[in-house]
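Undergrad: Curious how this folds, go ahead:
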Amino acid sequence: MELHLPVVQGKVSFPDLRIEYATQELEIARVDLELATGHYHAGRLSEKAHAGFQIYGRPEDYGSSVLHFAMFSNIWDWELVKLIEWHRERAGT
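TA: The predicted model follows:
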């Protein structure tokens, strides 16, 4: 059985949750989800983002009623914080 787990910096990354489904063309597609708590540090979030996981946060951990995080990039050597700051500068926020 092939699990199709991503490898980041030589380590297999395991998502908190994986959803597998069949597309209209009857091909198997996957979505990997990660729940980021207030205890996550930038390095762990960076690893999960580089693995292509969709990252979500709990409102009680971040003081907001709704939180959804996702960061996709082909810039592999930047830490997540630097990548977010770069994106915010480009977006003007």
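Undergrad: what about Ser46, helix or strand, and which?
TA: Ser46 belongs to helix 42-50 when assigned by DSSP states H and E.
Undergrad: all strands for this protein, in order.
TA: Here the chain has its strands, by DSSP state E, at 7-8, 11-12, 17-22, 28-36, 54-57.
Undergrad: ok so, going back, avg pLDDT for the helix holding Ser46?
TA: Mean pLDDT, helix 42-50: 81.
Undergrad: That one vs strand 28-36, what angle?
TA: Helix 42-50 and strand 28-36 are oriented at 160 degrees to each other (axes from the mean of the first three to the mean of the last three Cα atoms, to 10 degrees).
Undergrad: In terms of secondary structure, what does helix 42-50 contact?
TA: Packing partners of helix 42-50 (3 or more Cβ pairs under 8 Å, 6 or more residues apart in numbering; DSSP states H and E): strand 28-36, strand 54-57, helix 80-91. C-beta coordinates here come from the backbone N, C-alpha and C atoms, glycine included.
Undergrad: so which of these is the most packed in?
TA: Of all those, strand 54-57 has the most neighbours on average by mean count of other Cβ atoms under 10 Å, namely a mean of 18.
Undergrad: which helices and strands sit right next to that strand?
TA: Using 3+ Cβ pairs under 8 Å, 6+ apart as the test, strand 54-57 ends up in contact with strand 28-36, helix 42-50.
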